[in-house]
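J.: with the input below, show me the fold.
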Amino acid sequence: MENESLFEGFYLAYTTGLQGNGVIMLMVMGGKIIGSDVMGVLFDGNYTPTQDGRGFDATIKITAPAGQTLIQGVPTGPSGLSYEVKAFFPPDLARLIHRGPDFGLASVV
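T.: Numbers count the residues shown, from 1 in each chain. The predicted model follows:
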């Protein structure tokens, strides 16, 4: 994508799910996505421009600490929980389109 550097920066993502709300702080730079939320959930991933140049495809590993409940209502258990999601980011980042795994409804703005 021609103006990939316009996509780079620091972001706050407001999340909503069946068990409540949250805020995620993310740094998006140089093909990497890293961040965390107030519960200590860690986000570590990569992004690449789509072939059609209309946004970015991302793969993000999410690691949640033990003894918590995710906003989707899923308990993390005594060992914590780690999973991977695929997502599409439009260039204006007005919304995030999430693709799996399906732990339940969660919205990100």
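
J.: switch to C-alpha atoms for all contacts and neighbour counts from now on
T.: Will do.

J.: the helices in the chain, which residues?
T.: For the chain, the helices defined by DSSP state H occupy 4-7.

J.: return the helix or strand in it with minimum mean pLDDT.
T.: strand 97-99 (a mean of 49; mean pLDDT, DSSP states H and E).

J.: how near is T48 to L42?
T.: 20 Å (CA to CA, to the nearest Å).

J.: do T59 as well
T.: Using CA to CA, we find T59 at a distance of 14 Å from L42.

J.: quick check: the gap between the closest residue to L18 other than its chain neighbours and Q51.
T.: Spatially, and ignoring its direct neighbours in sequence, L18 is nearest to Q72 (5.2 Å; CA to CA, 6 or more residues apart in numbering). Going from Q72 to Q51 by CA to CA gives 32 Å.

J.: looking at those two, which is more packed in?
T.: Between Q72 and Q51, Q72 has the larger neighbour count (other CA atoms under 10 Å), namely 18 against 10.

J.: per-residue pLDDT, that one?
T.: Looking at Q72, its pLDDT stands at 85.

J.: what does the one 10 residues further on give?
T.: According to the prediction, S82 has pLDDT 95.

J.: and it, how many residues sit next to it?
T.: S82: 14 neighbours (other CA under 10 Å).

J.: so who does the closest residue to it other than its chain neighbours touch?
T.: Excluding its sequence neighbours, the residue lying closest to S82 (CA to CA, 6+ apart) is T63, at 4.3 Å. By CA atoms under 8 Å, 6 or more residues apart in numbering, T63 lies in contact with 41-43, 80-83.

J.: hmm, try it at 6 Å
T.: Counting by CA atoms under 6 Å, 6 or more residues apart in numbering, T63 makes contact with 41-42, 81-82.

J.: farthest pair in the residues you listed?
T.: Maximum pairwise distance among these (CA to CA): 10.6 Å, between L42 and L81.

J.: residue ranges with poor pLDDT in the chain?
T.: Where the chain drops to pLDDT under 70, the residues are 1-6, 92-109.
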